[in-house]
Structure formats: C-alpha cells, structure tokens
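**Student:** take a look and give me a structure for this.
(one chain, ligands or ions: 1)
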Amino acid sequence: PYSGPSAKEILSKRLQFLSPAVFHFFKNPLNLVDGKMQYLFDEKGRRYLDAFGGIATVCCGHCHPHVVDAIVNQTKRLQHSTILYLNPAIAEFAEALAAKFPGDLKVVFFTNSGTEANELALLMARLYTGCHDVISIRNGYHGNAAGTMGATAQSSYKFNVVQTGVHHAQNPDQYRGVFGSDGLKYARDVDDIITYGTSGHVAAFIAEAIQGVGGIMELAPGYLPAVYSSIRKAGGLCIADEVQSGFARTGSHFWGFEAHGVVPDIVTMAKGIGNGIPLGAVVTTPEIAKVLAYRSYFNTFGGNPVSTAAGLAVLQVLEKENLQQNAMTVGSYLKERLTSLKDKYEIIGDVRGRGLMLGVELVKDRQLKTPAKVETLHIMDQMKEMGILIGKGGFFGNVFRITPPLCFTKDDADFLVDVMDYTLSKM
Ligand code: PMP
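**Tutor:** I've put the predicted structure just below:
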C-alpha cells in the first residue's frame, strides 16, 4: 500500500518548487504510484487503463518484467558513463538496433532524449552538407533546444529567441489542408522554399511520419517521396523523426517512414526505445557519421549501460510478444470502432492514424471545422473519472491522442470506445 503524500500535498509542493511551466491535463491531476503493463494505479489503488502511455515512452507496457529485470540487473552490476571504457550493453544494443534499419543506416549515436537526438541530426546534416538551411513541416514538433525549437513549427512551443535557418513548409494535412490528400501539391511548397528562400542548397529536411504533438496528422500520400527527391537534388539530407512513430507503434511497419516507401539519410528516435528509461538515438550511414570524428564529440550518459540494457530488452519484448502485429490488429479494430462513433456523433470531425497511434478530432461544426476545445478537455476529464486515460494535442488542442502501450488488447479497445461513447452521449 502507498504511504506517501496525498495528491493535494504533491500539487502544492509542485506549485511551490517546480517550474511554473510544468503542466498537467486534468482538473484534479492524478498521483500515479504504480504501473503494470497497460494499467496505472493512483495512490488509492484505483486502476486506470492507459491509452496514452506511448507518448510518455512506454511501448512494451509499464514495468514490463523483462525490461525491469534488464534494468535492475545492469544497475546492480554497473552504471557508468558511455565514454572512456568498453561495456557490452551499448555494443549489443547498437548492433540489434542497427539490424532494424534498411540500407546503409548502420551507425548509431546514443543520446538521452528526442531533443538531443534531433539536435545531433541537424548538426550532422549541416556539417555534412556545409549548408545551414533546414526545412521542416508546419505543425511539427522536434524538441525544445535552440536548433530543434527552430524546427518545431507551432507557436505555442516557440520562444522568442534566435532560431535561424529553418523554413517551415506547408503541412500536408489531409483534413484541413488546401490540397486535401494530394501529397504532390504540398510537396511543391518545399520546392518553392528551396528556390526562393535558400541559395538553392539546403542542409536537411526533417519530418515526423505521423505528427504526434501536432494531433496525429498523417502526411498526405506521395508527399515524402517527392520531398525527399527535391531535398536530395538540393544537396540536402532527409531526416526522419521517429520519436513517436517508431518502434512498431504504427503496426504496419517498424518505422513510420517505411509506410511512405522512402529511406532517410538520418533517423532519430527516443520515447519508446527505452520503455520509460531516458534514451534517444540517431542512426545514420557510415559516411555521414564520419563528420563527428573531425572534432571531439561525446555525450556523457547517452547510451549508458543501464539505458542500453533497457533498450535491448525492449527489442526482445517487441519481437517475442509480436507487438508490431498486435499494434496492427488491435489498432485497426480500435480505429474501426472510433470511426463508427463518428457516424453517431457530429462532434467527431475526423478519425485518423495508423496502428496504435490514433487521433480523434472534435469540431463544433463539420463544415467550418471549428475546434471543439472545451469539449475535448471535458470528455478527457470524464473518461479519466471512468478509468481511462487518453491524451490530447493538435494546434488547437482539440484532438484526442490515443497511443497506448503496444500490449493493448481488443477488450481494452472496446472498453475505451464504450466509455467514449457513453461520455459523448451525455454531452
Ligand atoms: N520529436 C518528436 C516527434 C516528439 O514528439 C518529441 C517529444 N514530444 C520530441 C522530438 C522531443 O523529445 P524529448 O521530449 O524527449 O526531448
């Protein structure tokens, strides 16, 4: 049983001692003290079905025993920096991770977060190409350090500090975008940026395969291959940000970019990679990787023994428990059921996503697509009261984000949709 401080006490300490920027979703924020697979428990032992663990990095399930054992065993044996000495954990995980990539993507750099991974990717692209200009997509999220905040393209996450050299291309948004699902038309904006906004040469293009923070936006078909080709003609590298869409989440593929038939030059990842342990990575080709050898480059904890032991255990669980297939089967079923809710409730404007990375956008008017912001928060809060945790996102904060641990079952999907249905019926 839990004997720590109450949620109220924690909240008051948080208000006093933590940054005022720290936020939480619910009216009465939860004090979560235990986790087990797709479930979370508050201090009173009340159980919640976690349909948003994916964003908070859990891919195999909370406290998955195999991952926990790997972490505990490595911690008991040795935890140290990545630099200076040899350690088997980092080498074994790097090999196993590299095996997950096509083509020449075989060199791994470890970091502690997604932001760090993307900063490193941008740095490498700039060094490799000798160019500075980067193109990212509007509404994307790539991190909050100087370079990545530049690449992030939502005003709510941008502070008014210098973020030079990034151009934001039109979002190939199939729901609100002017060209609907015509990926090639959106891709022309990238050509225009290269022509009118740069010397004609660029360092990189960076994009998520499915925008996560941006509200589970799937890029219009045909967009990525066309853009990759334009970027390469302009001498740039193509970076795939797989922080959210990687590690089997989209079901059909292990990496989100694979669904678009492209092979990036650099891939970045974090979140799911360590099932909750701080870990990120950049994977690239031997040729591009060389640019970091011209100077001293290191990351004290990136790829430390404990984090990489966790990473290796995650890959083993994904394989052994067939979680990519599960993401596909359960995700498709869940999407189908959510889509049938759309037929029942006018407020649901769009249901989208792939595998266990799904979004439900709420609008006050289907024609005008007016964001139903207040309603989104209200429903999330009500669903929490009934034992289900979902997330929200999108520029207007009106999109439910459903990204559960990949062990989510069909019964869990039914429970989620039934509770959402009931909540919507009471609006
Ligand atoms: N890229 C994407 C696609 C993300 O969703 C996030 C985090 N939401 C990041 C990068 C940054 O990761 P971190 O918060 O670990 O720095």
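
**Student:** check contacts around the spatially most central residue of the chain.
**Tutor:** By C-alpha atoms, centre = their mean, the mean C-alpha position of the chain lies nearest to Gln244, the distance being 1.9 Å. Each residue near Gln244 by C-beta atoms under 8 Å, 6 or more residues apart in numbering is listed here: Gly54, Ile55, Glu208, Ile210, Gly212, Val213, Lys271, Gly272, Met357, Thr403. Quick note: C-beta positions are derived from backbone N, CA and C, even for glycine.

**Student:** that one should be in a strand, yeah?
**Tutor:** No. Read with DSSP: H, G, I helix; E, B strand; the rest coil, Gln244 is coil and lies in no strand.

**Student:** distance-wise, check it relative to Ile216.
**Tutor:** Taking C-beta to C-beta, to the nearest Å as the measure, Gln244 and Ile216 are separated by 9 Å.

**Student:** quick one: common contacting residues for the two?
**Tutor:** Applying C-beta under 8 Å, 6+ apart, one finds that Gln244 and Ile216 are jointly contacted by Ile210, Met357.

**Student:** so Met357 sits right up against Ala209, yeah?
**Tutor:** No. The pair Met357 and Ala209 does not pass the contact test of C-beta atoms under 8 Å, sitting 9.3 Å apart.

**Student:** now do the shared contacts for these two.
**Tutor:** Counting by C-beta under 8 Å, 6+ apart, the contacts common to Met357 and Ala209 are Ser245, Thr250.

**Student:** number of residues surrounding the residue in the stretch 101-250 of the chain positioned nearest to the ligand?
**Tutor:** The nearest approach of the stretch 101-250 of the chain to the ligand comes at Gly114, 2.3 Å away (C-beta to the nearest ligand atom). Neighbour count for Gly114, taken as other C-beta atoms under 10 Å: 26.

**Student:** can you name the residues that contact Phe41?
**Tutor:** Neighbouring residues of Phe41 by C-beta under 8 Å, 6+ apart: Leu32, Val33, Asp34, Gly35, Arg47, Tyr48.

**Student:** strands - which of these land there?
**Tutor:** Residues of the contacts of Phe41 located in strands (DSSP state E): Leu32, Val33, Asp34, Gly35, Arg47, Tyr48.

**Student:** up against the ligand, what does the stretch 201-350 of the chain have?
**Tutor:** The stretch 201-350 of the chain has residues Glu208, Gly212, Val213, Asp241, Val243, Gln244, Ala270 near the ligand, with proximity defined as C-beta under 6 Å from any ligand atom.

**Student:** rerun that using 5 Å as the cut-off
**Tutor:** Contacts of the stretch 201-350 of the chain with the ligand, taken as C-beta under 5 Å from any ligand atom, map to Glu208, Gly212, Asp241, Val243, Gln244, Ala270.

**Student:** just to revisit the earlier point, list buried residues within the ones in strands among the contacts of Phe41.
**Tutor:** In the ones in strands among the contacts of Phe41, burial by neighbour count holds for Gly35, Tyr48, counting by 16 or more other C-beta atoms under 10 Å.

**Student:** which one of the ones in strands among the contacts of Phe41 is nearest Phe109?
**Tutor:** Using C-beta to C-beta, Gly35 is the member of the ones in strands among the contacts of Phe41 that sits closest to Phe109, with 29.6 Å.

**Student:** run through the bridge partners of the closest one.
**Tutor:** For Gly35, the beta-bridge assignment (DSSP bridges) gives partners Leu40.

**Student:** of the contacts of Gln244, which is the most crowded?
**Tutor:** In terms of neighbours by other C-beta under 10 Å, the contacts of Gln244 top out with Thr403 at 32 neighbours.

**Student:** ok, it - contacts?
**Tutor:** By C-beta under 8 Å, 6+ apart, the residues touching Thr403 are Ala51, Phe52, Gly53, Gly54, Ile55, Gly212, Gln244, Arg249, Leu356, Met357, Leu358, Gly391.

**Student:** redo that, cut-off 6 Å
**Tutor:** Phe52, Gly54, Ile55, Met357 (C-beta atoms under 6 Å, 6 or more residues apart in numbering).

**Student:** pLDDT-wise, what's the bottom of these?
**Tutor:** Ranked by pLDDT, these bottom out at Gly54, which scores 71.

**Student:** nearest residue to that one in space, please, no chain neighbours.
**Tutor:** Leaving aside its chain neighbours, Gly54 sits nearest to Thr403 (3.0 Å; criterion: C-beta to C-beta, 6 or more residues apart in numbering).
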